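Student: kindly return the folded structure for what I paste below:
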Amino acid sequence: MKTVNIHRAIKVPGLLALLMMVGTTLSNSDRLLWSEVAAQQTDFSDEKVVHLLDEPRHRTVHNEGDLYLLDVQVNPGDVSFAHIHDQAILLTTIRTGNGPANGPVRSIPEYATEPLTHKVSNDGPGLLRIIAFVNGGSGVSDDGDAPSGMTTDPDVENPWFRAYRLELGPGEQTNVQSHDNHTVVVQASAGLVHVTRNDGLTRELNAAGEWAWRMPGSSFLVRNMGNSPVVVAINEGRE
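Tutor: As a prediction, this is how the structure comes out:
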């Protein structure tokens with residue numbers, strides 16, 4: 001279990017500055033979502049405080065070294081324990097309390113240098129669900145790890161993560177791609193998706209929030225097998 005230091009929390013002015021920075025680039029609906037998952041810092045000295053990786057609503061579903069994939073689910077009316085973020089994180093939002101979100105991706109690298117203690121609440125009426133990618137490493141200092149086969153610019157790129165959000169039409173598939181880093185393919189909307197390796201081995205995803213992990217250098221393509229558009233996020237943890 002990770003040792004918790006409850007004093008390593010970002011101060012309120014620092015958090016507010018971060019929220020203001022994010023607010024300049026997000027839509028009104030995204031600002032509302034941000035307020036749900038980035039509650040204001042307060043005094044937790046009289047409460048149980050845990051590390052992010054030990055908070056039960058932030059369930060670790062895969063781990064490779066310093067990389068952790070979390071399936072975050074908060075039921076309507078529920079509130080998480082106070083928990084510490086001290087690692088860079090990438091969020092792929094599957095649902096807000098108000099319904100499907102269709103996979104916007106956003107990163108908070110500041111947690112690696114300015115830890116935050118907060119709670120996550122959900123006013124509902126539905127489930128809040130986020131697939132969170134945590135990188136506990138120090139990040140990379142250059143761009144020599146760009147993937148092959150990608151035809152669009154990343155939606156997120158920083159020393160810890162590189163992320164692409166793609167919408168595939170019925171029957172549409174990506175090019176064969178290869179990533180130098182651990183990569184997770186997240187289905188972000190309803191539909192049926194195949195993630196197929198060069199050797200033909202296929203992982204089928206059939207619901208928003210399902211995911212497939214790919215090791216560095218493992219070539220694959222992503223295909224929409226359904227009759228309606230589907231959104232996928234292709235997220236790298238850079239090491």
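
Student: ok, the closest residue to residue 215 other than its chain neighbours to residue 63 distance?
Tutor: Nearest-residue entry for residue 215: residue 182, 6.6 Å, with adjacent residues in sequence omitted and distances by Cβ to Cβ, 6 or more residues apart in numbering. The C-beta positions use only the backbone N, C-alpha and C, and glycine is treated the same way. Noted for residue 182: a distance of 10 Å to residue 63, by Cβ to Cβ, to the nearest Å.

Student: now residue 164
Tutor: Counting by Cβ to Cβ, the gap from residue 164 to residue 63 is 23 Å.

Student: between those two, which is the more surrounded one?
Tutor: Of the pair residue 164 and residue 63, residue 164 is the one with more neighbours under other Cβ atoms under 10 Å, namely 23 against 12.

Student: in the chain, what spans have low per-residue confidence?
Tutor: Filtered on pLDDT under 70, the chain yields the residue ranges 1-42.

Student: sorry, back to before: for the residue nearest to residue 215, list the residues it contacts.
Tutor: With contacts defined as Cβ atoms under 8 Å, 6 or more residues apart in numbering, the neighbours of residue 182 are 64, 67, 213, 214, 215, 216, 236, 237, 239.

Student: show me what it is bridged to.
Tutor: Counting by DSSP bridges, residue 182 is bridged to residue 237.

Student: then residue 211?
Tutor: Listed by DSSP bridges, the beta-bridge partners for residue 211 are residue 186.
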